[in-house]
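> Pasting the sequence and the predicted coordinates here, then a few questions.
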Amino acid sequence: MCASQKLLKKTPHGTLTFCNQSKLFQFVFNNLCFELYEWELENFITFLNRLDVNYWEEELKCSLHQRKIPVSVGCSHFMILLNKQELNELRQLLSNDFTIDLLSSKEINYALTYN
C-alpha cells in the first residue's frame, strides 16, 4: 500500500481505503475492485441500503444462480449478483461505523498442517 493510501475498514472479504493523492475511495470486495469519488461512494451506499432483499430473492427464486440480488454498477450491460450474506457484508464494509469487528475462528483462512 502506498503512503498516500489509508485503510479505513476491513471485512473478511473486502477492504475500504482512501487515497489522499487521487482523492478516491477504493473498495475491494471478493474479486471486484471499485474506485469512486466521495459523491459516487455515497450514491452507491444509498443504492445498496435501498435494495429490497426479500423482493429480489422472491423475484428470482427460480433462477439457476445461488446469488439472487442484482447490484447495478452503472453500466446497462453489467451488474454483480450477491447473496444476502454478501450484501450484508458489503453494507458493513461501506457503513460509516468504523468499529473493529473481530473474526470468528471459522472466518480465518489458514491452512493448518500437523507435523
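Great, that's in hand. All figures in this text were calculated on a predicted structure; none of them were measured in a lab.

> contacting residues for residue 41?
25, 27, 94 (CB atoms under 8 Å, 6 or more residues apart in numbering). C-betas here are computed from N, CA, C, even on glycine.

> Mind doing that once more with 7 Å?
Residue 41 is in contact with residue 25, counting by CB atoms under 7 Å, 6 or more residues apart in numbering.

> Secondary structure element for it, which one?
helix 38-50 (DSSP states H and E).

> That helix - what's its average pLDDT?
For helix 38-50, the mean pLDDT works out to 91.

> quick one: buried residues of whichever helix or strand comes after that helix?
Next along the chain after helix 38-50, taking DSSP H and E as the criterion, comes helix 53-59. Within helix 53-59, the residues scored as buried using 16 or more other CB atoms under 10 Å are residue 56.

> Give the pairing partners of the helix or strand just after helix 53-59; include direction for each.
Using DSSP H and E, the helix or strand that follows helix 53-59 in sequence is strand 69-72. Its sheet considered, strand 69-72 pairs with strand 79-82 (antiparallel) by DSSP bridges.

> Alright, I will stop here.
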